[in-house]
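1. Quick one: sequence and predicted model below, then my questions.
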Amino acid sequence: MNSFSFDTYISPMTWRYGSPQMRQLWSETWKRKTLRKIWVALARAESKAGLVTEDQVKEMELKVNDIDIERSLELEKELHHDLMAEIKTYAESCPTAGGIIHLGATSMDILDNMDAMRLKQSISIIRKRLVSLLNIACLKIQETKNLYCMAFTHIQSAEPTTLGYRLSQIAQDLLFCLKELDALDIRGKGFKGAVGTAASYQLLLEGTGLTFESFENLILDELQIKAFTVTTQVYPRSQDLKVMQVLSLISCILNKAALDFRILQSSSIGELNEPFGKKQVGSSAMPFKRNPINSEKICSLSRLVHSFEANAWDNASLSILERTLDDSANRRIYLPESFLALDECMIVEEKILSSMVVNQDAIKRNFDKFGVFAATEKLLMETVRNGADRQEMHELIRNYSLDAWAEVQKGNTNPLRKALSKDKTVLRFLSEEKAFNLLDASSYCGQATSLSEKVVESVSSYLSSSSREQ
């Protein structure tokens with residue numbers, strides 16, 4: 001059962017995009033339960049200093065999961081302060097401990113540490129998806145590393161490559177993304193009060209025998225997060241920017257992969273196809289259509305993730321002095337929606353990669369049509385090696401190629417291979433059989449296969465070493 005209604009505006013992220021796991025992580029329920037866990041950790045540390053009792057801590061623990069969002073929202077209408085409303089709601093259910101909840105803290109001591117915890121868990125989900133994508137990509141590279149096809153530059157046929165080599169570009173980029181993701185060191189604000197000096201906690205701890213450092217570490221250890229050494233009222237918003245830069249990078253790579261897939265799926269090339277359901281409808285008007293809707297979705301949502309990066313830059317650069325509140329409202333939107341949009345992109349990309357249809361007949365047709373143009377480079381080099389004038393041979397090949405292009409554009413078979421292998425000038429330097437064989441482009445993929453294998457090895461090596469470090 002859905003816990004929301006379609007009778008009012010809801011975000012598409014609420015139900016259409018992202019995994020249930022990621023949606024739950026960015027839910028109000030998760031947030032409010034986590035806020036309470038932080039308050040419990042704070043109270044437990046204060047009990048070590050003799051500021052609150054063990055019974056008060058136990059009472060708070062019992063009510064950690066008994067959140068009442070409706071009551072909190074009701075109080076917020078009066079207080080115009082969401083965290084105070086949650087504190088009062090929690091306090092109402094804790095008759096003994098209610099008076100000590102949030103003791104010494106400012107709002108962002110609680111909220112920013114909660115955000116750090118949520119960022120860490122969200123990044124963990126994204127990381128698992130990256131690893132899965134890399135494993136699938138490597139499997140597909142191995143399957144297609146020798147499947148030669150035409151490469152395209154300027155969206156024009158160029159020289160031969162292999163499908164595996166093309167996929168290895170994606171894998172190499174995704175590996176770079178994974179390394180960038182692993183380099184993120186998410187930290188919370190810690191417990192440093194209104195302007196980051198921890199003055200309120202220092203005052204509380206006077207005469208208790210507990211230092212501020214020990215006090216803060218007690219809480220952080222329980223929450224399993226680290227804190228910045230210095231903060232203002234908030235943790236540095238540059239951390240959000242760095243997170244968004246990495247999310248934007250991943251979305252960029254997925255967008256590139258999806259756009260290339262859309263082009264290769266086009267009816268004029270037709271070498272790849274997205275998985276297409278038996279009852280799937282491609283168009284309401286044209287029953288024959290097989291639109292690349294999955295790749296298009298990735299491109300659409302990737303742009304959204306990228307656009308949010310600018311918002312994070314603004315928040316980091318415009319947080320005046322010890323903090324302003326003009327980041328609060330937009331962070332409620334761009335942080336969850338960035339993770340949910342990217343989560344959806346990665347889910348869809350995994351579906352595309354794992355189930356893509358490789359149309360080998362189309363690949364061969366395109367190769368036969370255009371491959372010989374690229375193979376003329378081999379013919380040029382071999383004739384010059386045997387004494388031909390390089391510029392004269394270049395002009396001869398160019399003229400034959402232009403005539404062949406005209407035939408191809410008419411839909412006819414490419415005549416270039418046959419024509420060049422019988423040309424009298426060419427035959428002065430090569431036999432007809434030698435010339436004909438040189439114009440076979442399938443042997444002109446260079447190091448594509450071996451370089452693809454190196455990418456697979458790099459991915460395997462990094463995944464193996466990073467899994468040991470996790």
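-> Cool, the structure landed.
2. how about stretch 3-14: buried residues?
-> Buried residues in stretch 3-14, counted by 16 or more other Cβ atoms under 10 Å: 13-14. C-betas here are computed from N, CA, C, even on glycine.
3. what comes into contact with it?
-> Residues outside stretch 3-14 that contact it (Cβ atoms under 8 Å, 6 or more residues apart in numbering): 15, 23, 336-337, 340-341.
4. ok, now stretch 424-431?
-> By Cβ under 8 Å, 6+ apart, stretch 424-431 touches 379, 382-383, 386-388, 392-393, 396, 420, 435, 438.
5. Who are the packing partners of the longest helix belonging to the chain?
-> Scanning the chain for the helix with the most residues, using DSSP state H, yields helix 107-144. Helices and strands touching helix 107-144, as assessed by 3 or more Cβ pairs under 8 Å, 6 or more residues apart in numbering; DSSP states H and E, comprise helix 20-25, helix 28-48, helix 82-92, helix 163-183, strand 187-188, helix 238-265, helix 328-355, helix 448-469.
6. pull the CA atoms of the second one into CSV?
-> What that stands for is helix 28-48. Written as CSV, here are the backbone C-alpha positions of helix 28-48 (Å, rounded to 0.1, in the frame of the first residue of the first chain):
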residue,chain,number,x,y,z
GLU,A,28,10.7,11.9,7.1
THR,A,29,10.4,8.7,9.1
TRP,A,30,14.1,7.8,8.7
LYS,A,31,15.1,11.4,9.4
ARG,A,32,13.1,11.8,12.6
LYS,A,33,14.1,8.4,14.0
THR,A,34,17.7,9.3,13.3
LEU,A,35,17.3,12.7,15.0
ARG,A,36,16.1,10.8,18.1
LYS,A,37,19.1,8.5,17.9
ILE,A,38,21.4,11.5,17.9
TRP,A,39,19.6,13.0,20.9
VAL,A,40,20.0,9.7,22.7
ALA,A,41,23.7,9.6,22.0
LEU,A,42,24.0,13.2,23.2
ALA,A,43,22.1,12.3,26.4
ARG,A,44,24.2,9.2,27.0
ALA,A,45,27.4,11.2,26.8
GLU,A,46,25.9,13.8,29.1
SER,A,47,25.1,11.0,31.5
LYS,A,48,28.8,10.1,31.6
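7. Residues contacting the helix or strand following that helix, please?
-> Following helix 28-48 in sequence order, the next helix or strand is helix 54-62 (DSSP states H and E). Outside of helix 54-62, the residues within contact range by Cβ under 8 Å, 6+ apart are 36, 39-40, 43-44, 47, 90, 94-97, 100-101.
8. centre of the chain versus helix 54-62, how much separation?
-> 41 Å (Cα atoms, centre = their mean, to the nearest Å).
9. do the same with stretch 163-173
-> 16 Å.
10. what does stretch 385-404 give?
-> Offset of stretch 385-404 from its chain centre (Cα atoms, centre = their mean): 47 Å.
11. repeat for stretch 160-178
-> 15 Å.
12. For Lys369, see how far away Val408 is.
-> Separation of Val408 from Lys369 (Cβ to Cβ, to the nearest Å): 6 Å.
13. that older thread, and which of the contacts of helix 54-62 is nearest to Ser452?
-> Taking Cβ to Cβ as the measure, Ser452 lies nearest Arg36 of the contacts of helix 54-62, at 51.1 Å.
14. Let me know whether the closest one touches Val64 as I believe.
-> Yes. Under the criterion of Cβ atoms under 8 Å, Arg36 makes contact with Val64 at 4.6 Å.
15. okay, those two: which has more neighbours?
-> Taking other Cβ atoms under 10 Å, Arg36 and Val64 do not tie; Arg36 has more neighbours (26 against 16).
16. Who are the contact partners of that one?
-> For Arg36, the contact set (Cβ under 8 Å, 6+ apart) comprises 60, 63-65, 67, 90.
17. how long is stretch 53-68 end to end?
-> Using Cα to Cα, to the nearest Å, one end of stretch 53-68 lies 25 Å from the other.
18. scratch that, stretch 263-273
-> Stretch 263-273: ends 10 Å apart by Cα to Cα.
19. Likewise for stretch 63-73?
-> One end of stretch 63-73 to the other measures 18 Å (Cα to Cα).
20. Name the surrounding residues that touch it.
-> Residues from elsewhere that reach stretch 63-73 (Cβ under 8 Å, 6+ apart): 28-29, 32-33, 36-37, 40, 82, 85-86, 88-90, 92-94.
21. what about the protein, any weak spots by pLDDT?
-> Along the chain, the parts satisfying pLDDT under 70 run over 1-2, 277-289, 468-470.
22. Tell me how it divides into domains.
-> What automatic domain parsing lists as the domains of the chain is 12-100, 107-185+236-274+288-358, 362-439.
23. Next, count neighbours for Asn294.
-> Neighbours around Asn294, by other Cβ under 10 Å: 20.
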